[in-house]
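1. fold the following for me, if possible:
(one chain, ligands or ions: 1)
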Amino acid sequence: MTIQTTDLPNAGSLAADSGGPALKVEGLWKIFGAKADKVIGTGDQALSRKDLQAKTGCVAAVKDISFEVQPGEVFVIMGLSGSGKSTLVRLLNRLIEPTAGSVVINGEEITSVPAGKLRDLRRRHMAMVFQHFGLLPHRKVIDNIAYGLEVRGEGKAARRQRAQEMVDLVGLTGYENSFPDQLSGGMQQRVGLARALAVDPQVLFFDEPFSALDPLIRRDMQDEVVRLHHEVGKTMVFITHDLAEAIKLGDRILIMRDGEMVQCGTAAEIVAHPADDYVRDFVSEVPKGHVLTLRYVMRPVRPEDSLDGPVMDPDTIVRKAARAALASAHPVRVVENGQVIGIVDDEAILRVVVAEEDSAEGES
Ligand SMILES: Nc1ncnc2c1ncn2[C@@H]1O[C@H](COP(=O)(O)OP(=O)(O)OP(=O)(O)O)[C@@H](O)[C@H]1O
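-> Numbers count the residues shown, from 1 in each chain. A predicted model of the protein is given here:
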């Protein structure tokens, strides 16, 4: 099923139309503390979080973060506890005020709009899925899902119909009239997902939505997000402390530490070229063959290379290429836009696969 964005009044009235990024963040800061507004513009802004706190009593939860998210992208913000993820996501929908910087969602400067307009933007163009579900306990599933539509004044018949579509979309058909406490954690989070999708937001924010779930349910829910993203193609900003979750879901991943952005890129970029020892440590146990693409293992073409090997796209995952590559007597030609841009020989494939097995042995 495809969600019809045109079914809803005002759907798309912002700027799916704007043609630019879905989300643009520039120089965003959040400093907590009595003297928070006296840090930026002084030498203190360059201090580490620890030193700033020792000197001024202020905590720089988010420090000078900039990035863009393209329409339809799943963008994951990842970091350990205390790295500033929750503060950052709250700045993005302005649940808290930034100390400095700007957030633009589909062309609207969120950081400076007046309160009434902000409320309207939140109701129509953003939705959030929380770790602790945030469902209304005395409302049935269907009424929880319809809640956002009710708040923005849509008629009963239209919101019922939309809520039922969302119930079906997230696989809760038959549970419309249950109450949240009659559902398992995974099912409650499906209600949370359906509620967020019901308002047809331009950007969906997820704040560690699956952290409270058992590992198996968590994996199901990650699959569910992948599936829903395929179906509805929404721009998603997903917060997690779990690298495996980040890799599974994210088109790109932003890694935070102590409020700062350490690296931002695709999983393959991050695994292939970790920005520093902190990231290297993080990615050391990632199964590289499942993440790296041929682009990161190919070498330049040499005149003596055979041109009889299989042709593959540079974004092919090494694991997926391995069987065909190793079965061929000739090395793989990596072709982009009709041009051979590199060669992948057996050694390159084996280096990745063997490194992966070594790291798996190291774990056990
Ligand atoms: N209201 C606040 N007042 C003072 N300090 C705060 C406040 N909120 C967050 N902090 C501090 O800002 C830093 C970043 O916190 P934040 O909750 O954003 O991190 P996080 O990565 O989301 O961590 P977690 O996963 O544990 O929630 C921490 O040092 C935290 O103590």
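
2. hang on, Glu245 packs against Pro209?
-> No: in this structure, Glu245 is not within contact of Pro209 by CB atoms under 8 Å, at 10.0 Å. Where you see a C-beta, it was placed from the backbone N, CA and C, and this is true even at glycine.

3. so which of these two has more stuff around it?
-> Summary of the neighbour comparison: Glu245 and Pro209, criterion other CB atoms under 10 Å, with Pro209 having more neighbours (26 against 22).

4. now for the nearest residue to the more buried one once chain neighbours are set aside: which residues touch it?
-> Taking CB to CB, 6 or more residues apart in numbering, and ignoring the residues beside it in sequence, Pro209 has Val129 as its nearest neighbour in space, at 4.5 Å. With contacts taken as CB atoms under 8 Å, 6 or more residues apart in numbering, Val129 has the following neighbours: 189, 192-193, 196, 204-207, 209.

5. may I ask which two of those residues are separated the most?
-> Greatest spatial distance among those (CB to CB): Gln189 and Phe205, at 14.5 Å.

6. more neighbours, these two?
-> Neighbours were counted for Gln189 and for Phe205 using other CB under 10 Å; Gln189 has more, 27 against 24.

7. name the SS class of Ile270, please.
-> For Ile270, the secondary structure call by DSSP: H, G, I helix; E, B strand; the rest coil comes out as helix.

8. what about it, how many neighbours?
-> Using other CB under 10 Å, Ile270 is surrounded by 28 other residues.

9. same question, Leu307
-> 11.

10. mind listing residues that contact the strand or helix carrying Gly148?
-> Taking DSSP states H and E as the definition, one finds Gly148 inside helix 141-151. In this structure, residues lying in contact with helix 141-151 by CB under 8 Å, 6+ apart are 123, 127, 135-136, 139, 158-160, 162-164, 166-167, 172, 175-180, 183, 191, 194-196, 198-199.

11. restricted to strands, list these.
-> With DSSP state E as the criterion, strands contain Ala127 from among the contacts of helix 141-151.

12. emit the PyMOL select command for whichever of the contacts of helix 141-151 are buried.
-> Here is the PyMOL command that selects the buried residues among these (16 or more other CB atoms under 10 Å):
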select buried, resi 123+127+135+139+159+160+162+163+166+167+172+175+176+179+180+183+191+194+195+196+198+199
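
13. and the strands in the stretch 1-150 of the chain, which stretches?
-> Counting by DSSP state E, counting those that start in this stretch, residue ranges of the strands within the stretch 1-150 of the chain are 23-32, 59-69, 74-79, 100-105, 108-109, 126-129.

14. for the first one, name the packing helices and strands.
-> With contacts taken as 3 or more CB pairs under 8 Å, 6 or more residues apart in numbering; DSSP states H and E, strand 23-32 sits against strand 59-69, helix 85-92, strand 100-105.

15. same check on the longest one?
-> Applying 3+ CB pairs under 8 Å, 6+ apart, we find strand 59-69 packed against strand 23-32, helix 49-56, helix 85-92, strand 100-105, strand 252-257, strand 260-265.

16. contacts only, for the nearest residue to Pro201 once chain neighbours are set aside.
-> Leaving aside its sequence neighbours, Pro201 sits nearest to Ala127 (CB to CB, 6+ apart; 4.0 Å). For Ala127, the residues meeting the contact criterion (CB under 8 Å, 6+ apart) are 148, 195-197, 199, 201, 203-205.

17. sort out for me which of the residues you listed are in helices.
-> Of the positions in the contacts of Ala127, 148, 195-197 sit in helices, assigned by DSSP state H.

18. contact residues of the stretch 1-150 of the chain facing the ligand?
-> Where the stretch 1-150 of the chain comes near the ligand, counting by CB under 6 Å from any ligand atom, the residues are 32, 59, 61, 79, 81-87.

19. what about whichever residue of the stretch 201-350 of the chain sits closest to the ligand, how many neighbours?
-> For the stretch 201-350 of the chain, the residue positioned closest to the ligand under CB to the nearest ligand atom is His241, at a distance of 5.5 Å. Applying the criterion other CB under 10 Å, we find 17 residues in the vicinity of His241.

20. please name the nearest non-neighbouring residue to it.
-> Nearest residue to His241 in three dimensions, chain neighbours excluded: Leu80, at 5.9 Å (CB to CB, 6+ apart).

21. could you report the neighbour count for the one you found?
-> Leu80 is surrounded by 13 other residues when neighbours are defined as other CB under 10 Å.

22. next one: the one 5 residues further on
-> Around Lys85 there are 24 other residues, counting by other CB under 10 Å.

23. any idea how far Ala272 is from it?
-> Using CB to CB, to the nearest Å, one obtains 24 Å as the distance from Lys85 to Ala272.

24. which helix or strand in this protein has the lowest average pLDDT?
-> Between all helices and strands in the chain, the lowest mean by mean pLDDT, DSSP states H and E belongs to helix 346-363, at a mean of 74.

25. Glu154 falls within a strand, correct?
-> No: inclusion of Glu154 in a strand is not indicated when three-state DSSP is applied; the result is coil.

26. on the three-state scheme, the residue lying farthest from the centre of the chain is what?
-> For the chain, the C-alpha farthest from the mean C-alpha position belongs to Glu304; by CA atoms, centre = their mean, that distance is 43.2 Å. Taking three-state DSSP as the rule, one finds Glu304 in the coil state.

27. pLDDT value on it, please?
-> Reported pLDDT at Glu304 in the predicted model: 89.

28. what about the stretch 101-250 of the chain, any weak spots by pLDDT?
-> Low-confidence segments of the stretch 101-250 of the chain (pLDDT under 70): none present.
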